[in-house]
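Trainee: 3D, please:
(2 chains)
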Number of protein chains: 2
Amino acid sequence: MKAFDPQRLKALIRDIRDYPVKGVIFRDLTPIFRDPVVFKEVIDELYLRTRDKRIDAVASIEARGFIVGAPLAIKLNAGFVPLRKKGKLPWKKREITYQLEYGLETIEVHEDAVTNGTRVLIVDDLLATGGTASSAAKLLESMGAEIVGFAFIVELAYLRGREKLKGYDVISLVVYE
Amino acid sequence: MKAFDPQRLKALIRDIRDYPVKGVIFRDLTPIFRDPVVFKEVIDELYLRTRDKRIDAVASIEARGFIVGAPLAIKLNAGFVPLRKKGKLPWKKREITYQLEYGLETIEVHEDAVTNGTRVLIVDDLLATGGTASSAAKLLESMGAEIVGFAFIVELAYLRGREKLKGYDVISLVVYE
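Mentor: Residues are numbered from 1 along each chain as shown, chains lettered A, B, ... in the order given. Now for the predicted structure:
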């Protein structure tokens, strides 16, 4: 098997200037998902880097996180736990509210999504400031889960999200310095 | 390999009465996703029923559709195309607006998501009235794609969504009459 090549991923990622607001470069990963070979390579690589963690469940954040987390869960023989924006889950829930750049955000999870000692990998497409990821960890830990790490396709290192996830194992396939 | 058992799926699905509005029973599939064995069985079964269709891309509807469509795309060696609610995709888009029970809804897709002759399977977690699914097909067909069928975990047959998808191959694993 040939080594994984982050440059090949970077070549596919579409930089969109001034989206969603002026001064921000949005990294659009849809060209990766659309490419059957590269999409599979991404999931395979995340699998190789996480398979030794004895993961019970992959938890992902709505909505792009589901595109990465659900296939990885299948590959790891793990369950899949959706973390959703407020008001989207139909049953008994726990929630956490946190500060994002543009205001407050709330994410929710079903009360039976994890139990005491469930080993959870948190997966999203992209690590930016780390606010959502660290809040997801706090929420699941408050329910008894053990967070075994975080996995992302892209990491925007200049936003220092990794500092918010200090003490956890953080995997990313492509880093923008 | 043992035969797929829809009853086992049904036993896991959580019926939530009067959600999102009075008189509606919401079928909550999160207990299926949370169960590593059953989640994998679901994806494997959808794969078995679709693998002969020469599928280039799986297109899924935000957000729960991603949980089913992305793993199925990986398994089929197909690309994955997200169809999103208005304002969520960052690049050049096509859109379609359609009538739902409670008002108008718009879904969007990136302009380069499919091309002439791309063979697309449309995947969602649940077939209800079929309004979203048939609009997704219209949108992708207007861009040159060929819709090779639809795949769902659950079909609410009493809402007659299948009639809206007449002429297409429609697969569902669990049917509520």
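Trainee: Tell me how many other residues crowd A:Gly161.
Mentor: 23 (other Cβ atoms under 10 Å in any protein chain shown). Where C-beta positions appear, they are placed from N, C-alpha and C, glycine not excepted.
Trainee: and it, what does it touch?
Mentor: By Cβ atoms under 8 Å, 6 or more residues apart in numbering or on different chains, the residues touching A:Gly161 are A:Leu127, A:Ala128, A:Thr129, A:Gly130, A:Gly131, A:Ala133, A:Glu155.
Trainee: hmm, 6 Å instead?
Mentor: A:Leu127, A:Ala128, A:Thr129, A:Gly130 (Cβ atoms under 6 Å, 6 or more residues apart in numbering or on different chains).
Trainee: swap in A:Thr129?
Mentor: So A:Thr129 contacts A:Leu159, A:Gly161 (Cβ under 6 Å, 6+ apart).
Trainee: any idea of the pLDDT on it?
Mentor: As predicted, A:Thr129 sits at a pLDDT of 94.
Trainee: And the helices in chain A, which stretches?
Mentor: A:6-12, A:30-34, A:36-50, A:64-75, A:131-141, A:161-164 (DSSP state H).
Trainee: Quick one: closest of those helices to B:Arg27.
Mentor: With Cβ to Cβ as the criterion, B:Arg27 lies closest to helix A:64-75 of the helices of chain A, at 18.1 Å.
Trainee: any idea how far that closest one is from the chain center?
Mentor: 9 Å (Cα atoms, centre = their mean, to the nearest Å).
Trainee: Please see if that helix touches chain B.
Mentor: Yes - for helix A:64-75, a contact with chain B is found by Cβ under 6 Å from any Cβ of the partner chain, at A:Phe66, A:Ile67, A:Ala70, A:Pro71, A:Ile74.
Trainee: Who are the packing partners of that helix?
Mentor: Under the contact criterion of 3 or more Cβ pairs under 6 Å, 6 or more residues apart in numbering or on different chains; DSSP states H and E, helix A:64-75 touches helix A:36-50, strand A:57-61, strand A:119-127, helix B:64-76.
Trainee: orientation of it relative to helix A:36-50 in degrees?
Mentor: 70 degrees (axes from the mean of the first three to the mean of the last three Cα atoms, to 10 degrees).
Trainee: what residue is smack in the middle of chain A?
Mentor: A:Asp124 (1.6 Å; Cα atoms, centre = their mean).
Trainee: That one touches A:Phe66, doesn't it?
Mentor: No - counting by Cβ atoms under 6 Å, A:Asp124 stays clear of A:Phe66, with 9.5 Å between them.
Trainee: For A:Leu104, give the beta-bridge partners.
Mentor: Residues in a beta bridge with A:Leu104, per DSSP bridges, are A:Gln99.
Trainee: Quick one: distance of stretch A:152-165 to the chain centre.
Mentor: 11 Å.
Trainee: I misspoke; the intended subject was stretch A:128-140.
Mentor: With Cα atoms, centre = their mean, you get 9 Å for stretch A:128-140.
Trainee: same question, stretch A:95-102
Mentor: Distance, centroid of stretch A:95-102 to centroid of chain: 16 Å (Cα atoms, centre = their mean).
Trainee: Flag every buried residue along that stretch.
Mentor: Using 16 or more other Cβ atoms under 10 Å in any protein chain shown as the test for burial, stretch A:95-102 gives A:Ile96.
Trainee: which residues does A:Arg64 contact?
Mentor: Taking Cβ under 6 Å, 6+ apart, one finds A:Asp125 in contact with A:Arg64.
Trainee: Can you give me the distance of it to B:Ala151?
Mentor: 21 Å (Cβ to Cβ, to the nearest Å).
Trainee: Also A:Pro31?
Mentor: 24 Å.
Trainee: contacting residues for the nearest residue to A:Leu29 once chain neighbours are set aside?
Mentor: Excluding the flanking residues, the one nearest A:Leu29 by Cβ to Cβ, 6 or more residues apart in numbering or on different chains is A:Asp125, at 5.5 Å. With contact set as Cβ under 6 Å, 6+ apart, A:Asp125 has these partners: A:Leu29, A:Arg64, A:Gly65, A:Val68, A:Ile153.
Trainee: Go ahead and confirm the third one touches A:Leu126.
Mentor: What it means is A:Gly65. No - counting by Cβ under 6 Å, A:Gly65 does not reach A:Leu126; the two are 8.8 Å apart.
Trainee: separation between A:Asn77 and B:Phe39?
Mentor: 9 Å.
Trainee: Looking at the two, which is more packed in?
Mentor: B:Phe39 (25 against 13).
Trainee: Might you report the residue contacts of that one?
Mentor: A:Phe80, B:Phe33.
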